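>>> Sequence first, then the predicted structure, then my questions.
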Amino acid sequence: MVLQISATNPEHPALLLDLPWDTPLEHWPEHHLVALPRGISRHVVRYARAGDEVVAVKELAARPALREYELLRVLDRMGIPGVDPLAVVTGRTDTEGEPLEPVLITRHLKGSLPYRSMFETTMRPSTMGRLMDALAVLLVRLHLAGFAWGDCSLSNTLFRRDAGAFAAYLVDAETGELHERLSHGQRDYDVDLARVNIAGELMDLEAAGALHPSVDPVEFGTTICGRYRELWTELTRESVYPVGKRHYIDRRIRRLNDLGFDVAEMQISQGDEGDRGDTVTFVPKVVDAGHHQRQLLRLTGMDTEENQARRLLNDLEGWMATQDDYAPGDPLGARPEVLAHRWVREVFRPTVRLVPLEIRKQVDPAQIFHELLERRLELSERAEHDVTLEAAAEEYAAGWRPPLLVPGDAVE
């Protein structure tokens, strides 16, 4: 048999040639291996060093190896969070000429850990909940793309903090199937399988004394199903708004926030007839504390409190989506930083200046902007049509009262 390394990138085979392909994976020498935590797998899996890269190597039969390799490539092109497929190695033989199983090679995701190893640290239930939220987001994204995983578990999912975000990544696509669209039954089966797998692994950790004592494995496994269904409903229902009722969009964002998800991307498209309103599609991301502050500071240079930053970013996202030169992913489109500074100049500052100077001297500009948006939303819902910022500012100024002093505060 002739050793063959199948890869789409011509650089990858050169990186892999020095690995001991004539040795069964479970007997690879230690100097080739990298000690990283792994989840439970039905196959032999090892982390190895290939040049400057760390790769995951999995032994399995040729047909499933090639199939999984192609599936991972398709998911990568679709923008689904998952490991990066590098190559499939076939034609392996040992030193006696006996055939060895082919291997699938993927790039190790830097800074990531298997979900199972995260739960072995006896983390707090609140942190576990955020991890499960990120896993629910991954399941929804897979299902929206028409991908039925068929083996979602703590061992088959990687966790990584990326710029303050809690993100889950697919590792094992061996049992996955890609369809044009998933039926309700396919989605329900996938989610129920995730529930059983997650509860089972949590029971294993409980038996080993590695699970927080307040966590019920069965209840926790069921929780992800509820989070998934809430998110799926909120994301997939069609939202068509009349042109004059933009406050409906604000309300929709708030519902996602109440579910514990933050809007990372938002698209607004005009109806074909021009009077159907705006159709809004959301892609959520579970974010860590202070994420919005850092993002707003990076985009605009404004240093605010976290809740203020979230509110301002929501308005910024909605405004950017209406700009002609807003084209995410298009190198010819305006950069987010350019649009953000334009928003500060054309929206934020003029809005704050609608408020009388005596109020501006006593209230932070970000808080004024937030309160004006709140007042406009309240007036718009009451009137059942969009109210202008000028009208909201007028009502805001009329009803404004100086903030109460906290005992011990000095009056200048």
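Yes, it's here.
>>> separation between residue 108 and residue 142?
Between residue 108 and residue 142 the computed distance is 21 Å (CB to CB, to the nearest Å). Every C-beta, even on glycine, is put in place using the N, C-alpha and C of the backbone.
>>> Among the two, which residue is more densely surrounded?
Comparing residue 108 with residue 142 by other CB atoms under 10 Å, the one with more neighbours is residue 142, at 25 against 18.
>>> is it true that that one lies in a helix?
Yes: using DSSP: H, G, I helix; E, B strand; the rest coil, the assignment for residue 142 is a helix.
>>> which element follows the host helix or strand of residue 196 toward the C-terminus?
Using DSSP states H and E, residue 196 sits within helix 184-207. Elements were assigned by DSSP H and E; along the chain past helix 184-207, the next helix or strand is helix 217-236.
>>> Mind giving me the packing neighbours of that following helix?
helix 125-144, helix 184-207, strand 278-287 (3 or more CB pairs under 8 Å, 6 or more residues apart in numbering; DSSP states H and E).
>>> which residues in the stretch 251-400 of the chain form helices?
Per DSSP state H, counting those that start in this stretch, the stretch 251-400 of the chain carries helices over the ranges 291-300, 306-320, 336-343, 349-352, 357-360, 365-383, 389-399.
>>> and residue 77, which of these is closest to it?
helix 336-343 (23.2 Å; CB to CB).
>>> in the chain, what residue sits furthest out from the centroid?
Most distant residue from the mean C-alpha position of the chain: residue 96, 47.8 Å away (CA atoms, centre = their mean).
>>> Now do the SS call for that one.
coil.
>>> any idea how far it is from residue 23?
Distance from residue 96 to residue 23, by CB to CB: 12 Å.
>>> Flag the shaky bits of the stretch 101-250 of the chain, pLDDT-wise.
121-123, 125-126, 161-165, 238-246 (pLDDT under 70).
>>> Pull the residues that contact stretch 65-72.
Applying CB atoms under 8 Å, 6 or more residues apart in numbering, the contact partners of stretch 65-72 are 6, 58, 60, 82-85, 87-88, 90, 102-104, 106, 172-174, 176, 178.
>>> Stretch 150-157 too?
With CB under 8 Å, 6+ apart as the test, stretch 150-157 has contacts from 38-41, 114-116, 119, 135, 138-139, 149, 168-172, 174-177, 190, 193-194, 197-198, 201-202.
>>> and the end-to-end length of it?
For stretch 150-157, the first-to-last residue distance is 13 Å (CA to CA, to the nearest Å).
>>> Return the residues in contact with residue 112.
With CB under 8 Å, 6+ apart, residue 112 has these contacts: 158-160, 169.
>>> measure it to residue 203 for me?
24 Å.
>>> circling back: any chance of the helices of the stretch 251-400 of the chain in TSV, plus mean pLDDT?
What follows is those, written out as TSV (pLDDT from 0 to 100):
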stretch	mean pLDDT
helix 291-300	87
helix 306-320	87
helix 336-343	91
helix 349-352	94
helix 357-360	91
helix 365-383	91
helix 389-399	91
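>>> Let me have those helices in a markdown table, extended by distance to residue 76 and mean neighbour count.
Shown next, in a markdown table, are the helices of the stretch 251-400 of the chain (distance: least, CB to CB, whole Å; neighbours: other CB atoms under 10 Å):
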| stretch | distance to residue 76 | mean neighbour count |
| --- | --- | --- |
| helix 291-300 | 25 | 19 |
| helix 306-320 | 26 | 20 |
| helix 336-343 | 23 | 17 |
| helix 349-352 | 41 | 16 |
| helix 357-360 | 49 | 12 |
| helix 365-383 | 38 | 18 |
| helix 389-399 | 43 | 15 |
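>>> mind checking which of these is nearest residue 45?
Of all the helices of the stretch 251-400 of the chain, helix 291-300 comes closest under CB to CB, at 32.4 Å.
>>> Which pLDDT does the model give residue 18?
Note on residue 18: pLDDT of 85.
>>> So it is in contact with residue 50, correct?
Yes: using CB atoms under 8 Å, residue 18 is in contact with residue 50, at 7.4 Å.
>>> Run through who's touching stretch 387-401.
With CB under 8 Å, 6+ apart as the contact definition, stretch 387-401 has outside contacts at 351, 354-356, 359, 371-373, 375-376, 379-380.
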